Structure formats: structure tokens, C-alpha cells
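Enquirer: from the sequence below, what's the structure:
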Amino acid sequence: MDRLLRYFLKQFIRRGTMTFTTASGAKFTCGDGAGEPVAARFLTAEAERRVLLNPELALGEVYMEGTFVVENGSIADALAILMDQPEILPRWAKLQYWLRYLIRHAKQFNLRSRSKNNVARHYDLDGRLYSLFLDADKQYSCAYYETSDPTLDNSQFATLDDAQLAKKRHLAAKLLIRRGDHRVLDIGSGWGGLSLYLAEMAGARVTGITLSTEQLQVSNARAAEKNLARSAKFFLEDYRDVSGPFDRIVSVGMFEHVGVDFYETYFKRCAELLTDDGVMVLHSIGRSEGPDVTNPWITKYIFPGGYIPALSEVIPAIERAGLLVCDIEILRLHYAETLKAWRERFMARREEAVQLYDECFARMWEFYLACSEMSFRKQNMMNFQVQLAKRQGVVPMTRDYIAHEEAKLRGVERGKRPRLQVAGE
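Expert: The predicted model follows:
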């Protein structure tokens, strides 16, 4: 087993410096000697076999179970090396990859009942878990860092709360909402933060829909607490069943749960719901390369039925729905920085996660945040914001209006002076 492990890992790891200790005590180093060294240990021969047979699934599992431990560095440091290799997948795992690719449509065939069950698996967890690492507004999607490079001057780099507020402001600017005159649909409204922002700061009448009972309760409670229950209403409803029309549609972090076979259904339904002078903004994780398959560990433990689309899969469905693409913005590394902030906040309060669930769950969440961060930092993931309309002339010809609208919203925010709470309060 030691020889096989050494052979395959040395063949795969060509960059960085990573030392492994096997269950029998043998030690070997892989990579080119560059960067900070990371050391990891397999505690059982079974863990070694599983990683060799199915590395994409098994590495996360053996880390969760505690039979693969990082002795020098962290799991994030280990994944930074493993996900930064010349070949994205180990050669011996490619047959399994192609088998997963062949059945990917079945795995993400998200009918109404299946969509609701998939959402419940992740979003109906104990709400206290998300308070451990999210910002005060519980924005569980990519933030928008307005400063260009966090490595240049950390003192000027936005906090997580600032960046999430900037994300809401940026989306609101692209929606071009006229105060008191626009009905807005928020598809996948989460804990209500964006809907409440659009109601309070932009003066919209917002309908938020979610498939999570936990999120629905929190959203309605927050609306009542802010005296916004008349202008921000939330419902437990599938996007395929909601009634319109709406002047504006926004969807953030929900499209990843639609499933590739339902893209045309999704955009056709949005086109039916959107008025002729309406504007829609879709914010989603995307792939910078072509169609792919969801990592099996993520599918099994984190997002069942989820899939991150390539733009080449999205644009044809938009075209067939009769919608016009007005603007596409690619957010590079913004989610990497968001996930880093989430991971650091989670690790600072990790013992509370153990108390809520157990040690295995805490390791699972740690692995999830770390591998997600590195997929954006080291591989081909990004976020895209696509602005859509049904006819020409609805959106200004140039992008100058975005900065102008953001400046107006900043003025409203200063007037409202919302008190930001520390996450978990």
C-alpha cells in the first residue's frame, strides 16, 4: 500500500511541498519544494485505500472521520496545494469522473419535491450554525469587495459586513428601482437580507420566495421587526408556481440549485413573470471553462442536486426564453475572499459548532469552506451577474448609471443609519 500511495501521490502533486506519513509510519515528500511545507498523516490503511480508489469523494470523508489529519498547516493549506496542480484530477480518478459526468443530469433532475428536500438538507440546519460565520445580515452568497486587491493594504480592505452591503447595493443599482413604483421578486430570498434592503433603501415592494421553512420564519420575523412587513413579504414557494407580474426580478445564489435540465424552464418562467419594461439580475456561481460535474463529496454532504453552470450552458437558455442580455459582470476572487472570511470566522467559533452537532460535523464544515475557497482561488470558479430585459432601451447604454445609482443608495443608507450587529447577536 505504501508504494502505491507514494507512486500515485508523487505522480499527481508536482507543485508545492507536501509530506505524507502512512499508516505504517513510512514518510515521503511530493512536489517541487516551493512554498510553505504542509504535512499530513493517514491513520489507517483503509483511509489510504479509499483515497486511492475514489479521491474526490474519499479525501473529504476521511478528513471528517479523523483518519486523515494535517499535522503541519491546516486543511485549507493542504487543499491549496492539492487543488493547484497541473492536472485538476489525479489520472487514476478520471474514469470515475466520466461516469459521474454521464449521469449528471439524473443527479440534478430537480422536480418540485426534490428541490424542496435538497434545500432542507442544507438550509434548514440549526440557524445558530450560520450565525457562527456569516455577516450580521446573514448573506450566504458571494460578497462584493470594492477595493481591488486585499493583499496591498489590509487596513483598507473591506470587512465582510461592508462587502456584503456593497453586494446588495451593487445589485440594487443594476435593478434600477423607482421608489414606491416597482414590484420586485426575489427568487431564493434566503434569510431576507436583500429583500429587506430593496424595501428599505430602494423603496420597492418585494416578494421573497424560498423553499426553506427555517429561512421563511426568520425572514418574516425580520420584516416585522423592521416595520417592513407591508413592503417585504416572504412565501414558501417554488419559482415555477409564483404569480406575477413583476417589474424587477433578482436571484442570488439560487440558480446553482435549479439543475441543468431546468434552465430553460427557469428563464421562460422569469420571462413570463417580468413586465415588458422589466429588468432582471441573476447572480450565480459559474465556471470559467465548459460544462462539468459537481464534486461527489459536495453532492453527498453539502448541496445535493446542486450544480455550478458554465455560461455556455446558461446563455442558450436565456436566448430561447426570449430575454435579452444587457450586461454580464464576472466577479473573480470575490468569493475566494468571502469564503476565507467565513472560514476564519467559523474556525474562531469552531467549538460552538461542535456543541451544536459534533466533531465530525465541524470537520465536515471546515473541509467544505476550505475546499470551496480553494476552488475559487486555485481553479476555474467565478461568479457572474447577468442583467436581462425583454426589450432594448430599458437599461442605459453605458454602465455609468451603476456608480450613480450606488451613490444615491449610499446617501439613503447614511440617512437610515442601520445598526450593524455582530454575527450571532
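
Enquirer: C-alpha from now on. contacts and neighbour counts both.
Expert: OK.

Enquirer: point to the residue nearest the middle of the protein.
Expert: residue 141 (5.0 Å; Cα atoms, centre = their mean).

Enquirer: contact partners for the closest residue in space to it that isn't next to it in sequence?
Expert: In this structure, residue 141 finds its nearest non-sequential neighbour in residue 253, 5.8 Å apart by Cα to Cα, 6 or more residues apart in numbering. Neighbour list for residue 253: 140, 141, 188, 283, 284, 285 [criterion: Cα atoms under 8 Å, 6 or more residues apart in numbering].

Enquirer: select, from these, the two members most distant in space.
Expert: Greatest spacing in the contacts of residue 253, by Cα to Cα: 188 and 285 (14.1 Å).

Enquirer: strands along the stretch 301-425 of the chain, start to end?
Expert: Assigned by DSSP state E, counting those that start in this stretch, the strands in the stretch 301-425 of the chain fall at 324-331, 381-389.

Enquirer: so of those, which one's packed in deepest?
Expert: strand 381-389 (a mean of 22; mean count of other Cα atoms under 10 Å).

Enquirer: ok, it: who's next to it in the sheet?
Expert: In the sheet, strand 381-389 lines up against strand 274-287 (antiparallel), strand 324-331 (antiparallel) (DSSP bridges).

Enquirer: distance check, residue 198 against residue 186.
Expert: Distance, residue 198 to residue 186, by Cα to Cα, to the nearest Å: 10 Å.

Enquirer: how is this structure divided into domains?
Expert: With domains defined by automatic domain parsing, the chain comprises 2-102, 112-416.

Enquirer: highest average neighbour count across those domains?
Expert: The most buried one of the domains of the chain (mean count of other Cα under 10 Å) is domain 112-416, showing a mean of 19.

Enquirer: and residue 47, how close does it get to residue 83?
Expert: Counting by Cα to Cα - residue 47 and residue 83 are separated by 20 Å.

Enquirer: so after the helix or strand of the chain with the lowest mean pLDDT, what's the next helix or strand?
Expert: The helix or strand of the chain with the poorest confidence is helix 112-123; it has a mean of 58 (mean pLDDT, DSSP states H and E). Per DSSP states H and E, the first helix or strand lying C-terminal to helix 112-123 is helix 127-131.

Enquirer: what's in contact with the helix ranked longest in the chain?
Expert: In the chain, taking DSSP state H as the definition, the longest helix is helix 359-378. Applying Cα under 8 Å, 6+ apart, the contact partners of helix 359-378 are 60-61, 63-66, 75-76, 79-80, 83-84, 298, 302, 332-333, 335-337, 339-340, 342-343, 346-347, 350, 353-354, 381-382.

Enquirer: go with 7 Å
Expert: 60, 63-65, 75-76, 79-80, 83-84, 333, 335-336, 339-340, 343, 350, 353-354, 381-382 (Cα atoms under 7 Å, 6 or more residues apart in numbering).

Enquirer: quick one: that helix to strand 274-287, angle?
Expert: Calculated by axes from the mean of the first three to the mean of the last three Cα atoms, to 10 degrees, helix 359-378 forms an angle of 100 degrees with strand 274-287.

Enquirer: and helix 359-378, how far out from the chain's middle?
Expert: 12 Å (Cα atoms, centre = their mean, to the nearest Å).

Enquirer: before we move on, what about stretch 316-334?
Expert: On Cα atoms, centre = their mean, the centre of stretch 316-334 falls 18 Å from the chain's centre.

Enquirer: output the contacts of residue 253 in JSON lines; the columns should cover pLDDT and distance to residue 265.
Expert: Formatted as JSON lines, the contacts of residue 253 follow (pLDDT from 0 to 100; distance: Cα to Cα, whole Å):
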{"residue": "140", "pLDDT": "95", "distance to residue 265": "25"}
{"residue": "141", "pLDDT": "96", "distance to residue 265": "23"}
{"residue": "188", "pLDDT": "96", "distance to residue 265": "16"}
{"residue": "283", "pLDDT": "98", "distance to residue 265": "18"}
{"residue": "284", "pLDDT": "97", "distance to residue 265": "17"}
{"residue": "285", "pLDDT": "96", "distance to residue 265": "19"}
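
Enquirer: which one of these is nearest residue 15?
Expert: Nearest member of these to residue 15, counting by Cα to Cα, is residue 285, at 26.9 Å.

Enquirer: and the closest one, what does it touch?
Expert: For residue 285, the contact set (Cα under 7 Å, 6+ apart) comprises 256, 308, 382, 383, 384.

Enquirer: who's the third one bridged to?
Expert: The one in question is residue 382. residue 286.

Enquirer: local confidence estimate at the closest residue to residue 33 other than its chain neighbours?
Expert: Nearest residue to residue 33 in three dimensions, chain neighbours excluded: residue 17, at 4.8 Å (Cα to Cα, 6+ apart). Here, the pLDDT recorded for residue 17 equals 97.

Enquirer: quick check: residue 17 vs residue 265, distance?
Expert: 47 Å.

Enquirer: any weak-confidence spans in the chain?
Expert: 88, 90-98, 100-124, 148-157, 417-425 (pLDDT under 70).

Enquirer: just to revisit the earlier point, looking at the strands of the stretch 301-425 of the chain, which is closest to residue 89?
Expert: strand 381-389 (15.3 Å).

Enquirer: export the strands of the stretch 301-425 of the chain to a markdown table and tack on distance to residue 279?
Expert: Formatted as a markdown table, these follow (distance: least, Cα to Cα, whole Å):
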| stretch | distance to residue 279 |
| --- | --- |
| strand 324-331 | 9 |
| strand 381-389 | 5 |
